[in-house]
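Enquirer: sequence first, predicted coordinates after that:
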Amino acid sequence: MQTSPNRIETVTQPLPLTEQRNPRSQGLDQLSVEQIVDLMHNEDYEMLKAIDLARPAIAATVKRVVNSFEQDGRLFYIGAGTSGRLGVLDASECPPTFRANPEMVQGLIAGGSKALQQAVEGAEDSEEAGVSDLQARQLTSKDVVVGIAASGHTPYVRAGLRYAKSIGAQTALISCNLIPTDDPAVDEYILIPVGPEIVSGSTRLKAGTATKLALNMISTISMVQLGKVYDNLMVDLQISNSKLLKRAQRIVIQLTGLQAEAAAQLLTEAQGEVKTALMMHKAQVDYPEAKSRLNAAKGHLRIALGETGGTSDFNKSGQI
């Protein structure tokens, strides 16, 4: 019998976890607001358990990213829909928080900037775009590409990872499903099996939250390892508004013991660079000398000051 060209063929296969129905949320539309709040809160606890399973892979990915940064490489997030938006968000927050060059961490989303606010039909299915978007950023073998796909199978993402690996870049894939881990194009699989969403298939919920947590770890820990944090303070922040100016002044006061007026003056002499201001005060040197010492220590204030007891891999071995 000949199949009609207008007939949609269905294939029976197991649904990924993120597409399955959640038995705990059946009857969701009949629950009270308070009951749904409790349900979502309890589901988030289950999501945190899934993050626990991914910790070794996250740590391994961070080490790859730090090694790349030490070689002037870059970190690229590539995703579609919610996954892509989360990557763009994480990348965009690195410059103000850590004074990172905007080129250092970049987020690519299927469909381009338009897709940040509205869905772009078919964008996530374009393998060609996954390759061309990375080519447009002149991806090199020194870079790291982290694919983000709740399902683990998004064509745009997987094609981008294959291209990245083909030119020698390092790769990782964040997925909220237990997918096969035999693709040679993926160096690290960050699998976070959060289970079914309370609204079936709505991966902006637990899957999105889990993805954001993983990205927080990757970017934040990488920046800590690069010396952009001293103790638990963001000493490399970019002063771009009054809130961050006050934070910068507060950090200088906390770490030097100076009065507010003297701390503000020191920060001015350091051209608004918190880390340089601290180096100038603690080592009693001028701006050029402080910059020189920090550069020699690859930006690690503790190393530049000759302090011990740091926790970064650089502090332990002299190199990443």
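Expert: Happy to help now that I have it. Residues are numbered from 1 along each chain as shown.

Enquirer: check which helix or strand covers the spatially most central residue of the chain.
Expert: For the chain, the residue nearest the mean C-alpha position is Leu215 (3.1 Å; C-alpha atoms, centre = their mean). Assigned by DSSP states H and E, Leu215 belongs to helix 206-225.

Enquirer: next secondary structure after that helix?
Expert: Later in the chain than helix 206-225, the nearest helix or strand by DSSP H and E is helix 242-256.

Enquirer: list the buried residues for whichever helix or strand comes after that next one?
Expert: Next along the chain after helix 242-256, taking DSSP H and E as the criterion, comes helix 260-269. Of the residues in helix 260-269, 263-264, 266-267, 269 count as buried by neighbour count, 16 or more other C-beta atoms under 10 Å. All C-beta atoms are positioned from the backbone trio N, CA, C, and that covers glycine.

Enquirer: please save the CA atoms from helix 260-269 in PDB.
Expert: Extracted in PDB, the C-alpha atoms of helix 260-269 (Å, rounded to 0.1, in the frame of the first residue of the first chain):
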ATOM      1  CA  ALA A 260      36.300  55.700  52.800                       C
ATOM      2  CA  GLU A 261      37.900  58.900  51.500                       C
ATOM      3  CA  ALA A 262      41.400  57.400  51.300                       C
ATOM      4  CA  ALA A 263      39.900  54.200  49.700                       C
ATOM      5  CA  ALA A 264      38.200  56.300  47.000                       C
ATOM      6  CA  GLN A 265      41.400  58.200  46.300                       C
ATOM      7  CA  LEU A 266      43.400  54.900  46.000                       C
ATOM      8  CA  LEU A 267      40.800  53.500  43.600                       C
ATOM      9  CA  THR A 268      41.000  56.700  41.500                       C
ATOM     10  CA  GLU A 269      44.800  56.400  41.300                       C
END
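
Enquirer: and that helix, what does it pack onto?
Expert: helix 242-256, helix 274-283 (3 or more C-beta pairs under 8 Å, 6 or more residues apart in numbering; DSSP states H and E).

Enquirer: out of these, flag the one nearest Ser68.
Expert: Ser68 sits nearest to helix 274-283 of all those, at 21.8 Å, using C-beta to C-beta.

Enquirer: which helices and strands does whichever helix or strand comes after that closest one pack with?
Expert: As assigned by DSSP H and E, the chain's next helix or strand after helix 274-283 is helix 287-296. Under the contact criterion of 3+ C-beta pairs under 8 Å, 6+ apart, helix 287-296 touches helix 274-283, helix 301-305.

Enquirer: adding distance to Thr203 and mean pLDDT, write those out as a markdown table.
Expert: Listed next are the helices and strands packed on helix 287-296 as a markdown table, based on distance: least, C-beta to C-beta, whole Å; pLDDT from 0 to 100:
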| stretch | distance to Thr203 | mean pLDDT |
| --- | --- | --- |
| helix 274-283 | 38 | 96 |
| helix 301-305 | 40 | 95 |
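
Enquirer: how close does Leu39 get to Lys206?
Expert: Distance, Leu39 to Lys206, by C-beta to C-beta, to the nearest Å: 12 Å.

Enquirer: those two: who's more crowded?
Expert: Neighbour count, other C-beta atoms under 10 Å: between Leu39 and Lys206, Lys206 has more, with 26 against 16.

Enquirer: all helices of the stretch 51-200 of the chain, in order?
Expert: Counting by DSSP state H, counting those that start in this stretch, the stretch 51-200 of the chain has these helices, from start to end: 81-98, 127-136, 155-166.

Enquirer: out of those, which comes closest to Ile192?
Expert: With distances scored as C-beta to C-beta, the stretch of the helices of the stretch 51-200 of the chain nearest to Ile192 is helix 81-98 (12.0 Å).

Enquirer: name the helices or strands packed onto that closest one?
Expert: Looks like helix 81-98 contacts strand 75-79, strand 105-109, strand 144-148, helix 206-225 (3+ C-beta pairs under 8 Å, 6+ apart).

Enquirer: hey, what's the angle from it to helix 242-256? Just curious.
Expert: Calculated by axes from the mean of the first three to the mean of the last three C-alpha atoms, to 10 degrees, helix 81-98 forms an angle of 50 degrees with helix 242-256.

Enquirer: buried set for helix 81-98?
Expert: Within helix 81-98, the residues that count as buried by 16+ other C-beta under 10 Å are 81-88, 90-91, 93-95, 97-98.

Enquirer: contacting residues for the residue lying closest to Tyr230 once chain neighbours are set aside?
Expert: Closest residue in space to Tyr230, ignoring its immediate chain neighbours: Leu301 at 4.9 Å, by C-beta to C-beta, 6 or more residues apart in numbering. Counting by C-beta atoms under 8 Å, 6 or more residues apart in numbering, Leu301 touches 227, 230, 235, 275, 278-279, 294.

Enquirer: with that, I have no additional questions.
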